[in-house]
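[1] got a predicted structure here, sequence first:
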Amino acid sequence: MTCVVDRIDSSVPQVHALVIGVGGYRHLPGGREEAHPPPPVRGQLLSPPVSAAAFSDWAAKELRHPEAELGSIDLLVSYAPGSDPAARRDVGVPSADAVTAAVRQWKRRCDTHEGNVALFFFAGHGLEYGSSYLLMEDYGADSEEAPLDAALDLTYLVKAMRQCQARHQYFLVDACRTTPRSWSGMDLPPALRPLLSSSVAADRREEVGVLQATAGGSKAYAPPHGREPSFFTAALLEGLRGRASTYDDVSERWHVLFTRLVEDVSLRCHSAAGQVPDAQIQGFKPWHLLPGPPRVSVVVTCRPEEAAGQVSPSLKPHDPTAALPDAWSLMRSRWHTQATAGQHQLEVTYVQGESFMQPPSQTVEIRPPSRSLWADAGELP
């Protein structure tokens, strides 16, 4: 494994992250040690390394937990044959043995303080059969005799982490959850379980959030060219950067709750790819603070729509220190911009030839995830 962030201090609460992106599979079709017969999943993937790197970068540069500083990020990535060499990172490869060692070390770090935050992210192939299985780089060497070899049992991992002292734990999984037809009625052997069972231990965790990219039996999707994160990871990062944020009147801070993040990611994924994420949530505390008010997408729709070309909208923030809105753009009869969350003064000028009309301005509240406004042109002079 490769520790891309190492600021470990066991005397204070810290966030410890384990990030895994599996794009290259040695035993799947197209791999360097292709197995015969092939395992019951399709071949190499392009988006998981990009998704894992994007999430790791966000955690390293932007994550701000309200009660814990960043302590460590371990990153393991494998790349599909033919992927862009310039985009590759010199980090550990997520084989079954490497992931077993990484999970155990991650758990030990998280176990040093009860205020710690355990953060797990996986992108790659996944399967579902009574549990969610995450497939590591060396999966599929013998799919007939060992169908779950090098497959991490996610359900078991979440359950076993109740042994850990870290009171806040989050598991983010960007993978399909389809079930191979050949597994129907099978009694499968145990999958990869790096941690000891703790089925009878009391669960002392205050926060446990599990967010999977799609529901059981369904697929997860990514843009076809593989140069961008998957739809799930893109939605996740957009939510964490502000789309899923809410304002807390007590602390006077913008923060992200796991519940709100789930709602926003679900809407974005369904809109982009038709997939419906799945979540398990325990607790209701913020786990990410924004450095300031987020930027929010604002759309002004004209009535009637054909008047849009004769409209000039303007937003002026009430807060004099707030950044000004972006330049307006007209798309499909609607005006679009990005504005800082908060109160604004909306002014709309209607122009027809040499005549113009400017009705009284109105105060509008801009809040995430987006804001839709109306401008009634009425009868232009």
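    Sure thing, it's come through.

[2] show the pLDDT at Ala201.
    At Ala201, the pLDDT value in this model is 69.

[3] and Ser355, by the same measure?
    Ser355 is given a pLDDT of 68.

[4] and the strands in the stretch 101-250 of the chain?
    Listed in chain order, the strands of the stretch 101-250 of the chain (DSSP state E, counting those that start in this stretch) span 117-123, 126-128, 132-135, 151-153, 168-174, 207-212, 245-248.

[5] partner strands of the third one and their direction?
    Take DSSP bridges as the rule and strand 132-135 pairs in its sheet with strand 126-128 (antiparallel), strand 151-153 (antiparallel).

[6] out of the ones you listed, which comes closest to Val5?
    Taking C-beta to C-beta, strand 151-153 is the member of the strands paired with strand 132-135 nearest to Val5, at 22.4 Å. (Each C-beta comes from the backbone N, C-alpha and C, glycine too.)

[7] I would like the residues contacting that closest one, please.
    96, 99, 103, 122, 127, 131-136, 139, 190-194 (C-beta atoms under 8 Å, 6 or more residues apart in numbering).

[8] hmm, which of the residues you listed are the buried ones?
    96, 99, 103, 122, 127, 131-136, 139, 191-192, 194 (16 or more other C-beta atoms under 10 Å).

[9] of the residues you listed, just say which sits nearest to Lys61.
    The shortest approach to Lys61 among the buried ones among the contacts of strand 151-153 belongs to Phe122, at 20.5 Å (C-beta to C-beta).

[10] I'd say the closest one and Leu157 touch.
    No: the pair Phe122 / Leu157 is not scored as a contact, 9.8 Å apart, by C-beta atoms under 8 Å.

[11] show me where the stretch 51-200 of the chain has its helices.
    96-110, 154-160 (DSSP state H, counting those that start in this stretch).

[12] turn the ones you listed into JSON lines, including mean pLDDT and distance to Leu330.
    Below are the helices of the stretch 51-200 of the chain laid out as JSON lines (pLDDT from 0 to 100; distance: least, C-beta to C-beta, whole Å):
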{"stretch": "helix 96-110", "mean pLDDT": "97", "distance to Leu330": "49"}
{"stretch": "helix 154-160", "mean pLDDT": "94", "distance to Leu330": "46"}
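
[13] using CSV, lay out those together with distance to Gln282.
    Formatted as CSV, the helices of the stretch 51-200 of the chain follow (distance: least, C-beta to C-beta, whole Å):
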stretch, distance to Gln282
helix 96-110, 17
helix 154-160, 10
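
[14] mind checking which of those helices is nearest Arg332?
    Using C-beta to C-beta, these put helix 154-160 closest to Arg332, at 41.1 Å.

[15] give me the buried positions along that closest one.
    For helix 154-160, the neighbour count (16+ other C-beta under 10 Å) marks Leu154, Tyr156, Leu157, Val158, Lys159, Ala160 as buried.

[16] just checking, what packs against that helix?
    Helix 154-160 is packed against strand 132-135, strand 168-174, strand 207-212, with contacts defined by 3 or more C-beta pairs under 8 Å, 6 or more residues apart in numbering; DSSP states H and E.

[17] give me the angle between the last one and strand 168-174.
    Using axes from the mean of the first three to the mean of the last three C-alpha atoms, to 10 degrees, the direction of strand 207-212 lies 0 degrees away from that of strand 168-174.

[18] please name the nearest non-neighbouring residue to Pro293.
    Ala341 (4.2 Å; C-beta to C-beta, 6 or more residues apart in numbering).

[19] right, I mislabeled it, should have said Pro94
    Pro94 sits nearest to Leu76 (C-beta to C-beta, 6+ apart), 3.9 Å away.

[20] assess the claim that the one you found and Ala17 are in contact.
    No: here Leu76 does not reach Ala17: they are 11.7 Å apart, not a contact under C-beta under 8 Å.

[21] quick one on the thing from earlier: need the strands paired with strand 132-135 in CSV with mean pLDDT and distance to Leu261, can you?
    Formatted as CSV, the strands paired with strand 132-135 follow (pLDDT from 0 to 100; distance: least, C-beta to C-beta, whole Å):
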stretch, mean pLDDT, distance to Leu261
strand 126-128, 95, 20
strand 151-153, 96, 23
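
[22] dump the residue contacts of Gln280.
    Counted by C-beta under 8 Å, 6+ apart, Gln280 has contacts Val158, Val208, Gly209, Val210.

[23] before we move on, back to that, and of the helices of the stretch 51-200 of the chain, who's closest to Glu144?
    helix 96-110 (17.8 Å).

[24] may I have the closest one as PDB, with CA atoms only?
    Extracted in PDB, the C-alpha atoms of helix 96-110 (Å, rounded to 0.1, in the frame of the first residue of the first chain):
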ATOM      1  CA  ALA A  96      -6.100  -9.600  -2.000                       C
ATOM      2  CA  ASP A  97      -3.000  -9.800   0.200                       C
ATOM      3  CA  ALA A  98      -2.300  -6.100  -0.100                       C
ATOM      4  CA  VAL A  99      -5.900  -5.100   0.800                       C
ATOM      5  CA  THR A 100      -5.900  -7.500   3.700                       C
ATOM      6  CA  ALA A 101      -2.800  -5.800   5.100                       C
ATOM      7  CA  ALA A 102      -4.200  -2.400   4.300                       C
ATOM      8  CA  VAL A 103      -7.500  -3.000   6.000                       C
ATOM      9  CA  ARG A 104      -5.800  -4.300   9.200                       C
ATOM     10  CA  GLN A 105      -3.400  -1.300   9.300                       C
ATOM     11  CA  TRP A 106      -6.300   1.100   8.700                       C
ATOM     12  CA  LYS A 107      -8.300  -0.500  11.500                       C
ATOM     13  CA  ARG A 108      -5.300  -0.300  13.900                       C
ATOM     14  CA  ARG A 109      -4.900   3.400  13.100                       C
ATOM     15  CA  CYS A 110      -8.600   4.100  13.600                       C
END
